[in-house]
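Colleague: I would like the atomic coordinates for the input below:
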Amino acid sequence: MADFHKYSSVEIFLGGRSYDIEVCDGFLKGLRGIVFKDGFRAVVVTNDVVAPIYLEFLISQLKLSFSNVDSILLPDGEIHKSWDSLNLIYEYLLENHCDRQTVLFALGGGVVGDITGFAAATYMRGIQFVQVPTTLLAQVDSSVGGKTAINHPLGKNMIGAFHQPIKVICDLSSLQTLPKRELSSGLAEVIKYGPILDMHFFRWLECEMGELVATDRTALAYAIHRCCEIKASIVSQDEKESGLRAILNFGHTFGHAIEAGMGYGVWLHGEGVAAGMVMAAELSRRLGMVDEAFVKRLTKLIERAGLPTKGPVLDAADNAGRYLELMRVDKKSEGGEIRFVLIDGPGKAVLRAAPDALVREVIDACCA
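Modeller: Residues are numbered from 1 along each chain as shown. The predicted model follows:
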């Protein structure tokens with residue numbers, strides 16, 4: 001890892017919709033590879049936290065390739081991953097007569113990326129967009145793979161579409177301004193890749209977690225590159241989550257219930273996933289799929305990333321019942337049966353159901 005270059009590229013192979021994920025250090029160097037025909041228009045979608053830091057620079061760079069560059073400012077936060085924010089984009093595009101030659105640029109974290117991608121998927125039945133993720137979570141997960149969505153009060157990411165970007169630009173420079181809590185949230189999505197597919201990477205994380213928390217650029221570059229490699233391989237095999245891709249949701253069934261139950265934005269996405277991974281690992285243990293030592297090892301790594309390992313109480317009267325109710329509104333559920341991503345031995349994930357009674361026991365054991 002010491003010799004790992006901070007500039008690298010990972011390709012997602014999807015035939016005519018293949019694209020590169022650029023990992024660079026030095027703001028937005030990956031933009032140099034973007035060339036558009038005359039007449040194309042760029043619209044940057046960002047939020048009121050990211051805009052003061054990066055918007056002016058991005059616009060100045062895009063003006064080298066586009067004759068017309070505009071921007072749309074959204075409110076920040078998971079609570080705004082909604083119809084209202086989506087309509088702000090639609091209204092701007094319609095009022096400014098944007099056509100199919102318009103290219104959207106999603107500048108921000110996972111919320112901006114998901115909303116912008118969904119707008120691109122649906123405006124005029126589909127226009128091009130570029131992901132410019134500025135959080136670790138978005139760089140290793142949500143910006144890659146073409147899943148776009150908004151939230152509904154009854155379920156996270158339940159309204160959306162698959163729509164691939166034409167490029168993803170992950171710039172390490174943007175992580176230097178990331179609040180510590182947001183960095184930790186992103187580390188949850190980094191950690192998940194180990195238990196589901198790559199225990200060598202998991203062992204690397206155990207050695208390098210201190211460097212990652214300290215935002216060491218070389219460690220971050222390797223982690224982002226490896227996560228994108230794993231996700232690119234999975235997405236190339238299963239673009240629309242009909243099978244293999246579901247394993248990327250390790251910890252997410254419990255985590256999404258936490259986010260919805262607490263109210264979007266109270267717990268960050270990665271915080272919910274972190275506690276959810278502990279629950280999923282414990283459920284795997286109780287089903288005889290992993291041993292206690294593995295659960296403790298994963299829990300310790302999550303703690304070192306500055307993440308919660310206990311889920312919150314969502315209902316004092318029937319906490320497990322509330323979790324189960326929320327988890328039934330999950331894209332992996334079939335016929336009302338909740339299916340979980342579980343660990344069938346370290347480095348191997350499976351999708352399967354579990355008895356409600358056992359899930360209740362796990363929730364009771366794993367909530368603060």
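Colleague: Surely Leu197 and Val350 touch.
Modeller: No. Contact between Leu197 and Val350 fails when scored by CB atoms under 8 Å: they sit 11.8 Å apart. Any C-beta I mention is one placed from the backbone N, CA and C, and that applies to glycine too.
Colleague: For the residue nearest the centre of the chain, give its distance to Glu303.
Modeller: Centroid-nearest residue in the chain, with CA atoms, centre = their mean: Ser142, separated by 2.9 Å. Distance, Ser142 to Glu303, using CB to CB, to the nearest Å: 24 Å.
Colleague: Then Asp330?
Modeller: Taking CB to CB, one finds Asp330 at 26 Å from Glu303.
Colleague: residues contacting the residue nearest to the centre of the chain?
Modeller: Shown in contact with Ser142 (CB atoms under 8 Å, 6 or more residues apart in numbering): Gly109, Gly110, Gly113, Asp114, Pro133.
Colleague: same check, this time on Met124
Modeller: Counting by CB under 8 Å, 6+ apart, Met124 has contacts Asp99, Arg100.
Colleague: ok, now which ones touch Ala246?
Modeller: Lys332, Val341, Leu351.
Colleague: Most neighbours of all these, which one?
Modeller: Highest neighbour count within the contacts of Ala246: Val341, with 24 neighbours (other CB atoms under 10 Å).
Colleague: Surely that one is in contact with His256?
Modeller: No. Shown here, Val341 and His256 do not form a contact pair, counting by CB under 8 Å, at 11.9 Å.
Colleague: and the gap between Leu187 and Lys180?
Modeller: When Leu187 is compared with Lys180 (using CB to CB), they lie 11 Å apart.
Colleague: Common neighbours of those two, please.
Modeller: Contacts common to Leu187 and Lys180, judged by CB under 8 Å, 6+ apart, are Gly306.
Colleague: and those two? which has more neighbours close in?
Modeller: More crowded of Leu187 and Lys180, by other CB under 10 Å: Leu187, with 26 against 10.
Colleague: Grab the nearest non-local neighbour of that one.
Modeller: Ala305 (4.1 Å; CB to CB, 6 or more residues apart in numbering).
Colleague: is it true that the one you found touches Met209?
Modeller: Yes. If you go by CB under 8 Å, Ala305 and Met209 touch, sitting 6.2 Å apart.
Colleague: Identify the contacts common to those two.
Modeller: By CB under 8 Å, 6+ apart, the residues touching both Ala305 and Met209 are Leu187.
Colleague: what are the ranges of the helices in the stretch 151-300 of the chain?
Modeller: 180-191, 193-197, 199-213, 217-237, 252-262, 269-286, 292-304 (DSSP state H, counting those that start in this stretch).
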